[in-house]
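S.K.: any chance you can model this:
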Amino acid sequence: MVLGNIYEITVDGSSGYEFNGPVTLTLKFNPDLVPSGSSPAVFYFDTLSGQWVNIGGIISGDKISVNVNHFTKFAVLVIQAVSQPDQAAVVFKDTSGHWAEAAIKRMAELDVIKGYADGTFKPNQSITRAEFTVALVKALKLTGQNPRTFKDSNQHWAREYISIAAENGIVNGYDSEKFGPDNPINREQIAVMVINAAQLDKAVANKKFADNSRISIWARDFVNTAIAGNIISGYDDNTFRPQSQASRAEAVTVISKIIK
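M.R.: Numbering: from 1, shown residues only. Down below sits the predicted model:
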């Protein structure tokens with residue numbers, strides 16, 4: 001089902017024009033025409049296969065935006081909901097008895113984060129800044145209207161999620177051009193992102209860690225707030241280890257504590 005018009009955009013008469021970098025395309029649609037349980041998405045027409053190809057998009061009100069690298073025919077189509085049989089609970093080979101087993105299971109079943117093709121979750125493996133950003137955006141079902149890209153992530157697989165997170169004030173990047181999407185995220189960075197995402201008022205934690213002085217100045221208020229809200233915790237040796245790489249288990253546990 002087409003919501004609105006089909007647009008064929010050309011450059012100098014060519015409908016197959018390709019750009020050197022991503023270009024943001026914003027189309028308007030009528031939200032009242034979207035059936036319950038369905039959602040709109042931007043599609044382009046692939047002339048070779050003769051089919052419409054879903055490229056998603058960021059929805060805001062009656063507009064949907066998507067980054068493209070070429071022009072052709074575009075349209076906003078409805079993705080109709082298809083009723084699916086009840087799925088079996090997600091089970092990973094390597095999470096039974098793990099301290100974060102319940103949070104991992106819950107986040108996986110909500111499609112916030114996935115496991116690996118071999119049936120493992122690898123709970124103790126580090127998680128990248130991009131992976132954590134994607135999980136956070138998915139968990140909170142965030143959307144955006146004014147894409148903000150970083151130079152080092154505008155071609156990255158997670159660019160739309162990073163853009164949404166930046167627009168919603170969750171991430172700032174290292175500077176205006178660098179986000180470091182494939183860098184492992186550390187514990188104090190997670191605290192900053194999760195408190196920004198949850199929009200919690202700053203709070204003072206009663207807990208004092210032996211390595212409090214190692215927490216970066218820019219992260220201290222966020223870490224204190226996360227500790228006070230029982231969103232993130234320290235270790236048995238009374239350390240917080242702010243610059244230590246966060247594990248996948250720690251990441252999903254933190255996210256699980258800010259969503260209903």
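S.K.: chain center to stretch 214-228, what's the gap?
M.R.: 22 Å (C-alpha atoms, centre = their mean, to the nearest Å).
S.K.: helices along the stretch 151-260 of the chain, start to end?
M.R.: With DSSP state H, counting those that start in this stretch applied, the stretch 151-260 of the chain shows helices at 159-167, 187-198, 220-228, 248-256, listed in chain order.
S.K.: of the ones you listed, which is nearest Ser176?
M.R.: The minimum distance between Ser176 and these falls on helix 159-167, with 10.3 Å, by C-beta to C-beta. Glycine gets a C-beta too; all of them are placed from N, C-alpha and C.
S.K.: how near is the residue lying closest to Ser14 once chain neighbours are set aside to Ile9?
M.R.: Ranked by C-beta to C-beta, 6 or more residues apart in numbering and with sequence neighbours excluded, the top spatial neighbour of Ser14 is Phe71, at 7.9 Å. Distance, Phe71 to Ile9, by C-beta to C-beta, to the nearest Å: 4 Å.
S.K.: the two: which is more packed in?
M.R.: Here Phe71 and Ile9 are set side by side on neighbour count (other C-beta atoms under 10 Å), and the busier one is Phe71, at 20 against 15.
S.K.: how about Leu25, secondary structure?
M.R.: State at Leu25, reduced to three classes by DSSP: H, G, I helix; E, B strand; the rest coil: strand.
S.K.: for the closest residue to it other than its chain neighbours, give me phi and psi.
M.R.: Closest residue in space to Leu25, ignoring its immediate chain neighbours: Val68 at 5.2 Å, by C-beta to C-beta, 6+ apart. Recorded main-chain torsions at Val68 are phi -130, psi 160, according to degrees, to the nearest 10.
S.K.: distance of Val68 relative to Ile79?
M.R.: Distance check for Val68 against Ile79: by C-beta to C-beta, it reads 18 Å.
S.K.: the two: who's more crowded?
M.R.: Neighbour comparison, Val68 and Ile79: the larger count goes to Val68, with 17 against 14 (by other C-beta under 10 Å).
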